[in-house]
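Engineer: Fold the following.
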Amino acid sequence: MLSRCKRDNTRGGSHRETLRLWNHPPRDSLRDPAALLTKEGSLGCALCVSIRGITRRIMANTKPGWRRTLAAVGSALLLAHGGGPSTASQRPAATADNLEILEVRPSFFMIASASANVGVQVGDDGVVVVDTGSASEAPGILAAIKRISAKPIRYIINTGPDPDHVGGNEAFAKAGQRFFSGGGGRNEILTTPIVSVEGVLKYVEAFPQIAIPNETFYYSRKYMYLNGEPIEVLSQPNAHTDGDAIAFFRRSDVVVAGDVLDTRQFPVIDVARGGSIQGEIAALNRIVELAVPSVPDATREAGTIVVPGHGRLCDYYDVVEYTDMVTIIRDRVREQMKAGRSLAEVKAAQPAKGYVGRYGNLGGTGTTDRFIEAIYQGLSQGLSQGLSKEKP
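Structural biologist: Residues are numbered from 1 along each chain as shown. Predicted structure coming up:
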């Protein structure tokens, strides 16, 4: 089935042009990010976006029996014009040349690597980085950041404990420079500040000291003011794991969601590390509350941009759609459990039916079975409001 992708962001501003090209970049852009802005690349991507948009509009007004045929035709056209699935998993070890650098806002960039999306805010104060990718990709990501800004890295924010988000901490910390140094007290710590919730610490105990978060918090929000804008790091307990956070850049109007949001697949809810279905839904709803769509003029391509841990950039409506999907499947599993069904029986009932084609990653961590198992375990263990009482 043809996936519904990020809306065309061609109107108004070079950063929107870059967002549009992100969905289906020309082949040359894998070697040279500057090729994203060539005339040929723009025309090729415009055709991809046009085909995708036309197909969606036709399908919305077509009888169900014809939709499968139209979807197949649309998919074939997209593949013919370079709009097929990402080849990120086939890329070699990261260098600055084969990473994709996207200008989300004039002072905010996303670096798309094979391991994870990395957020980069730049300005007079220096560079703030959200997540550091894997250890093997760290040199390439650092080189890409140098292309964006010659300023030193001042802060690192970790959105979670997974190696593909914190593996580069050591290299980034060594390359960074504390905003203030000297003067006694905590400022005598000369290493680059790494911000995370306290829950991350137990997963990185084996890291070198310089790579372990040194500005942790246990309360709901930590904030700072750098490069002319407020930055909020918001704890989202028991979502993907028990160490999740999202970063909100308020002036840029960008939310970096980490592994709470993965547009490639169903959410990965790690029950063994404190993740839960209700915490996942709460985190997604938090992002929905932070994001603002383009209203009252819905024709404009504007509003909050959400950077997921993996996959394409999103807007408010994309996150709402993803949240609805997760909530609907949770409710279906809960109804089956109320009827006394076992896990095997719940799986056999296919509670994810209608979403598997888009989110059922057969070879990855976010498989349909694992997602259903996580929901079932979470509800069984009472990690959600679950079976004992209805949702308000």
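Engineer: Output the below-cut-off pLDDT ranges for this protein.
Structural biologist: Scanning the chain for pLDDT under 70 picks out 1-97, 180-190, 362-366, 382-392.
Engineer: switch the cut-off to 80
Structural biologist: 1-98, 179-190, 361-366, 381-392 (pLDDT under 80).
Engineer: can I see the domain layout of it?
Structural biologist: The record's domain parsing of the chain by automatic domain parsing lists 1-85, 329-380.
Engineer: what about the helices in the stretch 201-350 of the chain?
Structural biologist: With DSSP state H, counting those that start in this stretch, the ranges of helices along the stretch 201-350 of the chain come out as 277-290, 316-338, 343-348.
Engineer: For the protein, just list every one of the strands.
Structural biologist: Listed in chain order, the strands of the chain (DSSP state E) span 100-105, 108-112, 117-123, 126-130, 153-157, 194-197, 215-217, 221-226, 229-235, 245-249, 254-262, 305-310.
Engineer: any idea how far the closest residue to Gln350 other than its chain neighbours is from Phe371?
Structural biologist: Excluding the flanking residues, the one nearest Gln350 by C-beta to C-beta, 6 or more residues apart in numbering is Val356, at 7.9 Å. Bear in mind the C-beta positions are built from the backbone N, C-alpha and C, glycine included. Applying C-beta to C-beta, to the nearest Å, the value for Val356 to Phe371 is 10 Å.
Engineer: Show me which of those two is the more surrounded one.
Structural biologist: Of the pair Val356 and Phe371, Phe371 is the one with more neighbours under other C-beta atoms under 10 Å, namely 29 against 16.
Engineer: give the contact list for the more buried one.
Structural biologist: By C-beta atoms under 8 Å, 6 or more residues apart in numbering, the contact list for Phe371 reads Phe266, Pro267, Val268, Ile269, Ile329, Ala352.
Engineer: Could you take those residues and lay them out as CSV, with extra columns for distance to Ile153 and neighbour count?
Structural biologist: Shown next, in CSV, are those (distance: C-beta to C-beta, whole Å; neighbours: other C-beta atoms under 10 Å):
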residue, distance to Ile153, neighbour count
Phe266, 33, 28
Pro267, 30, 28
Val268, 28, 23
Ile269, 31, 28
Ile329, 39, 23
Ala352, 40, 22
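Engineer: Looking at those, which one is closest to His165?
Structural biologist: For those, the closest approach to His165 (C-beta to C-beta) belongs to Val268, at 12.2 Å.
Engineer: my guess is the closest one meets Leu261, correct?
Structural biologist: No. The criterion here is C-beta atoms under 8 Å, and Val268 misses it with Leu261 at 10.8 Å.
Engineer: Alpha carbons only: can I get stretch 287-296 in PDB?
Structural biologist: The C-alpha trace of stretch 287-296 is given here as PDB (Å, rounded to 0.1, in the frame of the first residue of the first chain):
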ATOM      1  CA  ILE A 287       4.300  15.900  21.300                       C
ATOM      2  CA  VAL A 288       0.900  16.600  19.800                       C
ATOM      3  CA  GLU A 289       0.300  19.100  22.600                       C
ATOM      4  CA  LEU A 290       3.600  20.900  21.800                       C
ATOM      5  CA  ALA A 291       3.100  20.900  18.000                       C
ATOM      6  CA  VAL A 292       1.000  23.500  16.300                       C
ATOM      7  CA  PRO A 293      -0.500  23.000  12.800                       C
ATOM      8  CA  SER A 294      -1.000  25.700  10.200                       C
ATOM      9  CA  VAL A 295      -4.400  27.100  11.200                       C
ATOM     10  CA  PRO A 296      -6.600  28.900  10.300                       C
END
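Engineer: Mind listing what's buried along it?
Structural biologist: Buried residues in stretch 287-296, counted by 16 or more other C-beta atoms under 10 Å: Ile287, Val288, Leu290, Ala291, Ser294.
Engineer: Can you tell me how far the fourth one is from Ile305?
Structural biologist: To Ile305, Ala291 is 8 Å away according to C-beta to C-beta.
Engineer: returning to what we had before: make CSV from the strands of the chain and add distance to Ala348 to it.
Structural biologist: Below are these laid out as CSV (distance: least, C-beta to C-beta, whole Å):
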stretch, distance to Ala348
strand 100-105, 41
strand 108-112, 38
strand 117-123, 35
strand 126-130, 41
strand 153-157, 42
strand 194-197, 38
strand 215-217, 43
strand 221-226, 43
strand 229-235, 37
strand 245-249, 35
strand 254-262, 26
strand 305-310, 29
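Engineer: how about those, which one is nearest Gln381?
Structural biologist: Ranking these by proximity to Gln381 (C-beta to C-beta) places strand 254-262 first, at 19.9 Å.
Engineer: Now do that closest one against helix 316-338, angle only.
Structural biologist: Going by axes from the mean of the first three to the mean of the last three C-alpha atoms, to 10 degrees, strand 254-262 is angled at 30 degrees with respect to helix 316-338.
Engineer: For strand 254-262, name the packing helices and strands.
Structural biologist: Contacts defined by 3 or more C-beta pairs under 8 Å, 6 or more residues apart in numbering; DSSP states H and E place strand 254-262 against strand 117-123, strand 245-249, helix 277-290, strand 305-310.
Engineer: ok, 6 Å please
Structural biologist: The contact analysis (3 or more C-beta pairs under 6 Å, 6 or more residues apart in numbering; DSSP states H and E) places strand 254-262 against strand 245-249, helix 277-290, strand 305-310.
Engineer: could those go into JSON lines alongside distance to Asp318?
Structural biologist: What follows is the helices and strands packed on strand 254-262, written out as JSON lines (distance: least, C-beta to C-beta, whole Å):
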{"stretch": "strand 245-249", "distance to Asp318": "15"}
{"stretch": "helix 277-290", "distance to Asp318": "10"}
{"stretch": "strand 305-310", "distance to Asp318": "7"}
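Engineer: Bridged to Trp245, which residues?
Structural biologist: Just so we're on the same page, residue 245 is Ala rather than Trp. Here Ala245 sits in beta bridges with Ser235, as judged by DSSP bridges.
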